[in-house]
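Q: All I have is the shape, not the residue letters:
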């Protein structure tokens with residue numbers, strides 16, 4: 001183990017110093033370096049590579065039981081304990097499964113706007129119709145809520161924001177980005193679901209101040225209210241949206 005440590009750290013510190021601190025001889029270290037790898041070490045390296053491939057192919061969702069099952073299916077004769085140990089050495093930790101979260105709370109007494117869009121998911125020119133929604137995505141910081149605004153003319157994402165919450169400031173930040181980048185003219189139609197964030201007075205006042213016309217989906221119509229980035233485009237037969 002001391003020789004392995006020196007082999008790793010010798011790029012930063014002199015071998016002489018490392019050997020002195022760890023109380024091993026330089027000749028012993030260099031002899032160890034020239035020694036061919038043991039059969040167990042070679043097998044372990046190959047197994048670790050196979051473990052990493054199985055883990056990566058699962059997009060980081062497999063724990064040791066499923067990685068073990070994948071390796072057994074490939075013909076490996078290895079125990080679950082060994083796979084768990086190798087994953088621990090590699091620092092591989094399964095990502096927690098995505099928990100279902102309701103992002104639309106329409107049970108409120110805020111005013112509901114007319115459905116001006118009426119499922120006409122097309123626009124003749126840019127910045128005539130924007131549609132928006134909230135979803136949630138896995139990031140290095142964990143699960144975050146993502147608010148996006150799409151221009152229906154180009155299917156481009158013109159504004160977006162993330163946060164650990166899905167309150168009104170989240171959607172306001174996405175709106176500010178879209179307006180700041182596109183500078184739309186008065187009369188732009190802004191279509192959303194009936195969520196409390198979009199129906200709030202703060203958000204409606206922001207739209208009114210910008211002369212943006214508010215449109216909201218009908219109650220209980222999944223085809224009308226689901227405007228998430230990929231879902232919207234699949235439903236309307238268009239291409240996946242482009243991040244502007």
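A: Arrived safely. Keep in mind the model is a prediction, meaning the values are calculated, not measured. Numbering: from 1, shown residues only.

Q: Domain-wise, how is this protein divided?
A: Per automatic domain parsing, the domain ranges recorded for the chain read 2-90, 129-243.

Q: quick one, which of those is packed in tightest?
A: domain 129-243 (a mean of 18; mean count of other Cβ atoms under 10 Å). All C-beta spots, glycine's among them, are computed from the backbone N, C-alpha and C.

Q: For the domains of the chain, please prepare CSV with the additional fields distance to residue 119 and mean pLDDT.
A: Conversion of the domains of the chain to CSV gives the following (distance: least, Cβ to Cβ, whole Å; pLDDT from 0 to 100):
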stretch, distance to residue 119, mean pLDDT
domain 2-90, 34, 84
domain 129-243, 5, 81
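
Q: okay if I get those as TSV plus distance to residue 116?
A: Shown next, in TSV, are the domains of the chain (distance: least, Cβ to Cβ, whole Å):
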stretch	distance to residue 116
domain 2-90	39
domain 129-243	4
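
Q: right, and those - which one's nearest residue 112?
A: The closest of these to residue 112 is domain 129-243. By Cβ to Cβ, the value is 5.6 Å.

Q: how far is that closest one from where the chain is centred?
A: In terms of Cα atoms, centre = their mean, to the nearest Å, the centre of domain 129-243 is found 18 Å from the chain centre.

Q: OK, contacts around the residue nearest to residue 200 when sequence neighbours are not counted?
A: Nearest non-adjacent residue to residue 200, counting by Cβ to Cβ, 6 or more residues apart in numbering: residue 168, 4.8 Å away. Residue 168 sits next to 196, 197, 200, 202, 203 when contact means Cβ atoms under 8 Å, 6 or more residues apart in numbering.

Q: Which two among those are spaced furthest apart?
A: 196 and 202 (10.8 Å).

Q: helix, strand or coil for the residue nearest in space to the middle of the chain?
A: With distances taken as Cα atoms, centre = their mean, the residue of the chain nearest its centroid is residue 138 (3.4 Å). Using DSSP: H, G, I helix; E, B strand; the rest coil, the structure places residue 138 in strand.

Q: what do you get for residue 206?
A: Going by three-state DSSP: residue 206 is helix.

Q: so it touches residue 178, yeah?
A: No. Using Cβ atoms under 8 Å, residue 206 is not in contact with residue 178, being 11.5 Å away.

Q: all helices of the chain, in order?
A: For the chain, the helices defined by DSSP state H occupy 2-9, 15-22, 26-34, 39-57, 64-73, 80-90, 168-182, 196-199, 201-209, 222-225, 229-235.
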